[in-house]
Structure formats: C-alpha cells, structure tokens
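Engineer: coordinates only, sequence not included:
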C-alpha cells in the first residue's frame, strides 16, 4: 500500500488521526502526532482476534448447553404438569367419593333416627290409647254402679280406686323426651379448606415459591446474526460460571399442595364422627358395638352362612381377612382368588375388585383387611409385601411398602388394624415385628419382638398374625406359632402383657389368628386349631369360649378371622388346609358364618 500524498509505502499508524501514513507524513501533516509501526498493531490485532475466536467458541458451547438444558427443563415441566393433573384428579375424586359417601351415611342416619323415634312414639301413643280405653271402661263401670246399694257399691269403689291408682302410677313412669334432628354443618369452613388446595411453581434450587412471571430483557430476543456488529476490541463476555444466572431461567418444578396428604387435621375435625375409644369394632360407625352374650350362641348352628368354594361371584378360595364397614357390609379378602369381595349384611354378593398381579389394584394372596373412619378399604397384599388402600367403591388410591427389612418394608405382612386417629398397624410376620404408619402410609414406629424367646421356652421367634387396637389405644397381637397373645403399649415401646400357651384348656391357645375388639373393651380371638372363638376382657382374662361343631365342618376347617356386625353378631371366617383346599370345591361347605 502507498501513501496517496507522497507515493511512499505506508509503514506507520497515526493514533491521533486513526489512519495509516508514510515516513514523509511525519514531517508535515502528522509531525506532532503519536504514531507507531504498522507491523506491531497488526500483531496486537491478530491476538485480539484470536481471543475473540476463543470467546466465540466458549459462547457457542455455553449457549448449546443452555438450549439442551432448556429442552430438558421443558420435558420435566411437561412431566410435572401431567403428574400434577393426575394427582389433582385422584385427590378430588377421593374427596368427591367421600362427600357422596358422607351424604349417604348422614341421610341413612337421619332415616334410622326417624324410624327409631317413630317406633318409640308409636309405642308410646298406643300405650296411652290403651290406658285411655281402660279408663273409659272404668268410667262406664263406675257410672253403672253409682246407684247401687250395699256391697256392690263398695266393690265398685274399691275396684275403681285400684284401677285409677294403677293407671296413674303407670302414666307417671311413662316418659318420653322431646327431641329434634339437627344437621351439624361446617358453615362453609369446609369450602374454605377446599379452596386451600393449590398448585405452585417451586424453585428447585432454593425451594422458594415462584410468584412472579419470569421476564427477559428485549436484548435477549436479538437474533444471533446481530452479534456480528459488535466491535472487535469488545469480545463477547461469556463464561461458564454465568450460565446458571444469565443464560437460562431458574429451574422450576410444579408441585401439588395436597391438603389430603399434608394438612388433613382441620378437615378431619369436620368429617370424622365422635370417637368412643382409640380402637373400635367398626371404624366410623355412629353407635357403640357390643358383642352378643355367649348365651345367644348355639354352637355349630349359625344364623346363616355363605361363601362356597369356587371362583365365581360370591364364591371364595382359602379366604383370610374379614371386616365390616360402617354400612354393615361384609368385606372379605378372597385370598387364592386374588380379589376383594363385598357382601351385604345378609350375605348377598354386592361387588368385587382386584386380580392377580403386582400393579395398582392387583394382588398376590391378599390377607388382612380393615376399613378406617373415612370408609377407605385397607388391604394387606401379602406376597407383594405391601399395603394397598382403596375407596369405598374399590378404586385404587395409593400403596406403600416393599420387600425388605428396613423401616416401612415388609416380609409377608399378614394383618392390619386402624384406630380412630387413622393410624395403621401391620403385622410383619417374617420380620417378627409390627409397624405403625400414618393414614397416608408414612412410617411412624415399630416394635420388634426380640428377646421374647430368650429363655428358649418357645417353639421359635414370635410370628405376629392377627392384630387389633384396644379401646385404650394399646395393640393386641396373636403370636401364631407360639400360641399366645401379646399386649403392646400404644407407643410401641414395650410388651405390657403376655397370656396363653399351647393347649386346648382355659387360658390356652392353639395357633390363635384373627382378633377384633368391641366398643366395651371385650377382645374376641379366633383360636384356629382349637376350632373355637375365645372372648376375653380388656385385660385379657378369659370370659367364655364358643366351639364350632357344625355338620358341614371337619377338623381341617378352622376359624381364621372374626368380625362384629353393628348388631353385635359374630362373623366368623373359616379356612381349610392348603393340601385339602382343592378337594372341597364340590361340596356344600360355606366358609363365612354369622353367629
């Protein structure tokens, strides 16, 4: 390149004029200016370009990583939205079903109250009408003898006075309370509680709620091509450390604030019925349940029975697990058929749910079963080593537990019981323990029966089978292999009492199994191999026994579980031995009997 003024080669750069000059220019127009050789500036510029190229490479890498992260965040966000929608639907369906069931329960309760009061008032008025008719008859008798003389008049007087005194005394004893039926409404508190159901965006890094809409500056929307206009001496300021704060939004997750799982205490105050004790014969039933006295039983002759061997509706195969819900339905764990069946109080088949498998709503030999104050059905899915919980209509809600020895895991759980607080206790047979959970399935505590065989007096380790809560909140467990009952305190810290040993006498057991308690504290145990039911006091003193010698039963048919109807009748489930189960399909045996 040559100088346009002097024709000499351009070898200098005038910093003041920002132009290229020759040596002659330094003597005239650029004499007092600061200038330097062109070659040195070219070297510096080349170095700056190399830096810009490196910054560009890093910037491209950072932007691509941010794009990949944004795509991954979008996929995660879509997944969270899908899961949140599912949880919302499941939770709302649960509460909808509960509200419908509560409505039916309250309407039925009003009808029962109306019928009871109608019967009471009908009896009362009929008695009064009878007294009124008798007084009219007495009045006629006295009028007829008013003009009589002598002994007849005295007799009329005596008889009239006697009848008047009798009716007067009888009338004074007849009292009836004036009552009203009042609906106790939550006064829209329930609506306010339901309004608290919400979904929010939670920052995955800080855990804080994101309340504002994220906005980006307009510069962030400039196309990448516009970066070509940047000055060469101002390289793009990208750095790996800046990616989390400048090139991508904070990571967010969508979560469901489930009032059912996290804040049910206030809601429960509105929805639960008044409690009579920690343990109840029928969870949520509005009246106390008292087992019928032993004299009402005719051993071997049930009031009625149902449940023949088979796979059809209303048929069972080696069932184990029995409970009564607050509507009086009889719910049966049909073990070998891998299903749950529900019968009316008269033993008529109503519905069933479940099948073989390990998915939600499927079973592998279900055993213990219970209902809670919400009417949920809680099933021990024994060989799947978990607990499944269903709505009253048999819809799957959730499950908890897996195979293992850790907290909340099981090895062949067998029976389950629920108290009025909603706590769930499960007998974990092969782990030789019981475990306590919240109504949501969260682990609370356990009691391991270690050291119970320290004297080597027992056949083997404790094998908890049946379980129930007492009215005071303690827990009774049947030790199946060691033929005894264990009373564990409500905190699961110690064994309060141990009763029984192997035998058939008073105070002895032979493989005790299912247990239930009535609302007066009596404990009823299925003493399976002795083929009897044993009734005990709340402190485990023997009250009475009932032997079963029905013509359709033999020594292979043993009572395995027991429950109480709202009227206090015993519902006893029988099972046969595994090696004979297939041989009884053609006979007329019925394995569920009402006594």
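Structural biologist: All right, it came through fine. As the structure is a prediction and not an experimental result, all values here were calculated from the model.
Engineer: gap between stretch 323-343 and the chain center?
Structural biologist: 17 Å (Cα atoms, centre = their mean, to the nearest Å).
Engineer: before we move on, what about stretch 382-396?
Structural biologist: For stretch 382-396, the distance to the chain centre is 9 Å (Cα atoms, centre = their mean).
Engineer: Tell me which residues of it come out buried.
Structural biologist: By neighbour count on 16 or more other Cβ atoms under 10 Å, the buried set for stretch 382-396 is 382-392, 396. Bear in mind the C-beta positions are built from the backbone N, C-alpha and C, glycine included.
Engineer: What does the pLDDT read for residue 31?
Structural biologist: Per-residue confidence (pLDDT) for residue 31: 81.
Engineer: I should have written residue 389 there, sorry.
Structural biologist: Reported pLDDT for residue 389: 95.
Engineer: for it, what are its contacts?
Structural biologist: Listed by Cβ atoms under 8 Å, 6 or more residues apart in numbering, the contact set of residue 389 reads 376-379, 396-399, 441.
Engineer: would it count as being in a strand?
Structural biologist: Yes: judged by DSSP: H, G, I helix; E, B strand; the rest coil, residue 389 forms part of a strand.
Engineer: Quick check: the gap between the residue nearest to it when sequence neighbours are not counted and residue 379.
Structural biologist: In this structure, residue 389 finds its nearest non-sequential neighbour in residue 397, 4.8 Å apart by Cβ to Cβ, 6 or more residues apart in numbering. The spacing between residue 397 and residue 379, counted by Cβ to Cβ, to the nearest Å, is 11 Å.
Engineer: go on, residue 400?
Structural biologist: 12 Å.
Engineer: Equivalent analysis for residue 358, please.
Structural biologist: Residue 358 is 14 Å from residue 379, by Cβ to Cβ.
Engineer: between the two, which one's more packed in?
Structural biologist: residue 379 (26 against 12; other Cβ atoms under 10 Å).
Engineer: for the more buried one, which residues make a bridge with it?
Structural biologist: With DSSP bridges as the criterion, residue 379 is bridged to residue 369, residue 388.
Engineer: which residues of the chain fall in helices?
Structural biologist: 38-144, 151-173, 189-195, 243-246, 259-262, 265-271 (DSSP state H).
Engineer: coming back round to it: show me the common contact partners of residue 400 and residue 379, please.
Structural biologist: Common neighbours of residue 400 and residue 379 (Cβ under 8 Å, 6+ apart) are residue 387.
Engineer: re the thing from before, the contacts of residue 389: which two are farthest apart?
Structural biologist: Maximum pairwise distance among the contacts of residue 389 (Cβ to Cβ): 14.2 Å, between 377 and 441.
Engineer: quick one: the strands in the stretch 351-500 of the chain?
Structural biologist: Here the stretch 351-500 of the chain has its strands, by DSSP state E, counting those that start in this stretch, at 355-356, 362-363, 366-371, 377-381, 386-390, 396-400, 413-418, 424-428, 433-437, 443-448, 464-469, 475-479, 484-488, 495-499.
Engineer: Return, as residue ranges, the portions of the protein with sub-threshold pLDDT.
Structural biologist: 40-44, 185-193, 195-196, 202-276, 293-300, 451-459, 549-552, 578-587 (pLDDT under 70).
Engineer: which one of residue 377 and residue 441 has more residues nearby?
Structural biologist: Neighbours were tallied for residue 377 and for residue 441 using other Cβ under 10 Å; the higher tally belongs to residue 377 (25 against 19).
Engineer: quick one, what contacts the more buried one?
Structural biologist: Neighbours of residue 377 in contact, by Cβ under 8 Å, 6+ apart: 325, 331, 340, 369-371, 389-392, 394.
Engineer: Distance-wise, check it relative to residue 60.
Structural biologist: 59 Å.
Engineer: Please apply the same query to residue 326.
Structural biologist: 67 Å.
Engineer: out of these two, which sits in the busier spot?
Structural biologist: residue 326 (24 against 13).
Engineer: for the more buried one, what are its contacts?
Structural biologist: 105, 282-286, 371, 375.
Engineer: can you redo these as CSV with distance to residue 548?
Structural biologist: CSV is the format used below for those (distance: Cβ to Cβ, whole Å):
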residue, distance to residue 548
105, 34
282, 23
283, 27
284, 30
285, 26
286, 31
371, 26
375, 31
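Engineer: Out of those residues, flag the one nearest to residue 121.
Structural biologist: Of the contacts of residue 326, the one sitting nearest to residue 121 (Cβ to Cβ) turns out to be residue 286, at 21.2 Å.
Engineer: got the contact list for residue 25?
Structural biologist: 3, 5-6, 12, 14.
Engineer: For ChimeraX, write the select line for the buried members of those.
Structural biologist: Buried subset of these, written as a ChimeraX selection, criterion 16+ other Cβ under 10 Å:
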select :3,12,14
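Engineer: Quick check: neighbours shared by residue 397 and residue 379?
Structural biologist: Common neighbours of residue 397 and residue 379 (Cβ under 8 Å, 6+ apart) are 389-390.
Engineer: burial of the closest residue to residue 145 other than its chain neighbours, as a residue count?
Structural biologist: Using Cβ to Cβ, 6+ apart and skipping residues adjacent in sequence, the residue nearest residue 145 is residue 156, 3.7 Å away. By other Cβ under 10 Å, 18 other residues sit near residue 156.
Engineer: Show me what residue 349 bridges to in the sheet.
Structural biologist: residue 343.
Engineer: so who does it touch?
Structural biologist: 313-314, 341, 343 are the contacts of residue 349 under Cβ under 8 Å, 6+ apart.
Engineer: For it, give its distance to residue 316.
Structural biologist: Distance from residue 349 to residue 316, by Cβ to Cβ: 11 Å.
Engineer: Now for these two: what residues contact both?
Structural biologist: In contact with both residue 349 and residue 316: residue 341, using Cβ under 8 Å, 6+ apart.
Engineer: show me the contacts for residue 404.
Structural biologist: By Cβ under 8 Å, 6+ apart, the neighbours of residue 404 are 385, 410-411.
Engineer: As JSON lines, these with distance to residue 428 would be great.
Structural biologist: What follows is the contacts of residue 404, written out as JSON lines (distance: Cβ to Cβ, whole Å):
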{"residue": "385", "distance to residue 428": "9"}
{"residue": "410", "distance to residue 428": "5"}
{"residue": "411", "distance to residue 428": "6"}
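Engineer: from the residues you listed, which is closest to residue 422?
Structural biologist: residue 410 (19.7 Å).
Engineer: I'd like the distance between the spatially closest residue to that closest one that is not a sequence neighbour and residue 400.
Structural biologist: Once flanking residues are discounted, residue 410 sits nearest to residue 385: 4.5 Å by Cβ to Cβ, 6+ apart. Counting by Cβ to Cβ, the gap from residue 385 to residue 400 is 11 Å.
Engineer: Repeat that for residue 371.
Structural biologist: Relative to residue 400, and taking Cβ to Cβ, residue 371 is found at 17 Å.
Engineer: So for the two, which residue has more residues nearby?
Structural biologist: The neighbour count for residue 371 versus residue 400, taken as other Cβ under 10 Å, is higher for residue 371 (23 against 19).
Engineer: Skipping adjacent residues, who's closest to that one in space?
Structural biologist: Residue 371 sits nearest to residue 325 (Cβ to Cβ, 6+ apart), 4.6 Å away.
Engineer: The one you found against residue 331, yeah?
Structural biologist: Yes: counting by Cβ atoms under 8 Å, residue 325 sits close enough to residue 331 to count as a contact (6.2 Å).
Engineer: Now the common contact residues for these two.
Structural biologist: Contacts common to residue 325 and residue 331, judged by Cβ under 8 Å, 6+ apart, are 371, 377.
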